[in-house]
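Visitor: model this:
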Amino acid sequence: MSLDLSTRIGAVTLANPVLTASGCGGTGRELAQFTDLARLGAFITCSVMLQPRAGRPTPRLAETPSGVLNAMGLPGPGVDAFLARDLPWLAEQDARVVVSVGGNTLGEFWEVARRLAESPQASAIAAVEVNVACPNAEDRGRMFAASPSAAAEVVRVVRGAIHRDTPVLTKLSPDVTDIATIALACADAGTTGLSLINTMSGLAIDQNTLRPALTGVSGGLSGPALRPVALRCVYQVHAALPEMPIVGGGGVATGRDALEFVVAGACAVSVGTTLLHDPTAPQRITRELEEALAAHGITRLADAVGLAHRATAALPPQIVLGPQEPIKELR
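Guide: Predicted coordinates:
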């Protein structure tokens with residue numbers, strides 16, 4: 001059976017739906033030792049900031065049950081070094097590059113996006129992912145993703161600076177009351193698609209010191225423990241915005257995990273924490289996803305997107321207490 005794994009995000013067509021998650025593939029050089037970057041759906045870079053950043057002091061990574069906490073602090077060389085060194089190298093590998101952009105003010109987001117758009121290497125950028133989980137220095141450090149209006153303003157700023165044909169993905173945080181409302185605000189502001197989800201805030205205690213295990217106290221939870229939350233977010237946002245391209249991520253370790261995100265409403269998936277112990281995972285997950293689709297008789301990835309919603313819509317509108325015990329009508 002011939003399967004079509006291609007997927008579209010705005011004007012860009014990806015050969016397959018398996019991407020790396022931002023921050024988990026390094027500059028690409030590290031991952032390229034184990035994985036052919038050209039065979040990925042796309043490589044998402046670490047978040048590129050305006051100025052170089054050292055990140056938080058160590059320890060900034062802690063293992064937890066079924067997951068990892070990180071408080072990296074978005075370390076990186078800054079946008080100028082990225083454009084001079086990392087983006088040209090990724091282009092030489094024939095990788096489809098999604099550049100994650102970050103900032104602590106609207107002005108920083110705009111400046112990073114402007115420099116990307118005006119770079120001689122701009123044609124190597126397949127899409128831009130906006131990391132609105134960054135703290136907003138102009139709003140007492142509250143992350144942009146916590147507010148529909150603040151997240152939407154970042155989208156408008158980046159959208160205005162990036163070439164109109166370049167898709168803009170907005171990466172949302174699960175640490176909010178209603179992620180669908182924030183997604184709708186970003187859609188109104190002009191985002192092409194959404195990345196769901198960023199990490200979820202958590203804390204670990206060091207059993208030796210009896211203090212927080214991370215220097216930054218709390219950190220972002222990723223890995224399999226996050227997957228049910230991520231699936232819920234994808235499902236909710238797809239229900240609210242059924243035509244919006246969604247890159248689903250959070251604990252994707254197998255092709256079956258990827259299929260769950262697809263039927264929940266994602267047209268692509270991002271692989272993150274799994275790369276830390278299996279840097280060859282993207283090709284394996286792509287193959288397993290193909291097998292899982294074939295097992296269900298599905299020949300096109302696009303036909304599986306949101307399938308869980310269509311199946312749910314066909315169920316009778318009743319609550320069942322047990323195998324033979326539907327709730328009785330009150331009289």
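Visitor: could you use CA atoms for every contact and neighbour count after this?
Guide: OK.
Visitor: partner strands of the strand or helix carrying Val247 and their direction?
Guide: With secondary structure defined by DSSP states H and E, Val247 is part of strand 246-249. For strand 246-249, the paired strands and their directions (DSSP bridges) read strand 193-196 (parallel), strand 268-271 (parallel).
Visitor: would you mind checking the average pLDDT for whichever helix or strand comes after the first one?
Guide: Beyond strand 193-196 in the direction of the C-terminus, DSSP H and E gives the next helix or strand as strand 200-203. Over the span of strand 200-203, the pLDDT mean works out to 96.
Visitor: and for stretch 271-286?
Guide: Stretch 271-286 carries an average pLDDT of 96.
Visitor: stretch 148-163 now?
Guide: 97.
Visitor: was I right to think Val269 contacts Asp257?
Guide: No. At 9.3 Å, Val269 does not count as touching Asp257 under the criterion of Cα atoms under 8 Å.
Visitor: so for the two, which residue has more residues nearby?
Guide: Set side by side, Val269 and Asp257 show unequal neighbour counts under other Cα atoms under 10 Å, the larger going to Val269 at 27 against 21.
Visitor: which residues does the more buried one contact?
Guide: 17-19, 247-249, 252, 258, 261-262 (Cα atoms under 8 Å, 6 or more residues apart in numbering).
Visitor: bridged to it, which residues?
Guide: Val18, Gly248.
Visitor: look up how far Ser173 lies from the residue nearest to the spatial centre of the chain.
Guide: For the chain, Ser195 is the residue whose C-alpha lies nearest the centre (Cα atoms, centre = their mean; 3.9 Å). Between Ser195 and Ser173 the distance, using Cα to Cα, to the nearest Å, works out to 9 Å.
Visitor: repeat that for Pro57.
Guide: Pro57 sits at a distance of 23 Å from Ser173 (criterion: Cα to Cα).
Visitor: neighbour count for the two, which is higher?
Guide: For Pro57 and Ser173, the more surrounded residue by other Cα under 10 Å is Ser173, and the numbers stand at 25 against 12.
Visitor: pLDDT weak spots in this protein?
Guide: Residues of the chain meeting the criterion pLDDT under 70: 1, 140, 311-331.
Visitor: how about 80 then?
Guide: Residues of the chain meeting the criterion pLDDT under 80: 1-2, 135-141, 311-331.
Visitor: next structured bit after the lengthiest strand in it?
Guide: Of all the elements of type strand in the chain, the one with the most residues (DSSP state E) is strand 125-131. Using DSSP H and E, the helix or strand that follows strand 125-131 towards the C-terminus is helix 148-161.
Visitor: by contact count, what packs against that next one?
Guide: Under the contact criterion of 3 or more Cα pairs under 8 Å, 6 or more residues apart in numbering; DSSP states H and E, the helices and strands touching helix 148-161 comprise helix 106-118, strand 125-131, strand 168-172, helix 179-189.
Visitor: which other residues reach the first one?
Guide: Read it as helix 106-118. The contact list for helix 106-118 (Cα under 8 Å, 6+ apart) reads 48-50, 79, 83, 101-103, 122, 153-154, 157-158, 161-163.
Visitor: repeat for the shortest one
Guide: Contact partners of strand 168-172, identified using Cα under 8 Å, 6+ apart, comprise 127-133, 145, 155, 158-159, 179, 183, 186, 191-198.
Visitor: ok, which stretches of the stretch 1-150 of the chain are strands?
Guide: If DSSP state E, counting those that start in this stretch is used as the criterion, the strands of the stretch 1-150 of the chain fall at 7-9, 12-14, 18-20, 43-44, 61-64, 67-70, 97-101, 125-131.
Visitor: before we move on, the earlier item: and the contacts of helix 106-118, which are buried?
Guide: 48-50, 79, 83, 101-103, 122, 153-154, 157-158, 161-163 (16 or more other Cα atoms under 10 Å).
Visitor: of all the residues you listed, which comes closest to Ala295?
Guide: For the buried ones among the contacts of helix 106-118, the residue nearest Ala295 by Cα to Cα is Val101; the value is 38.1 Å.
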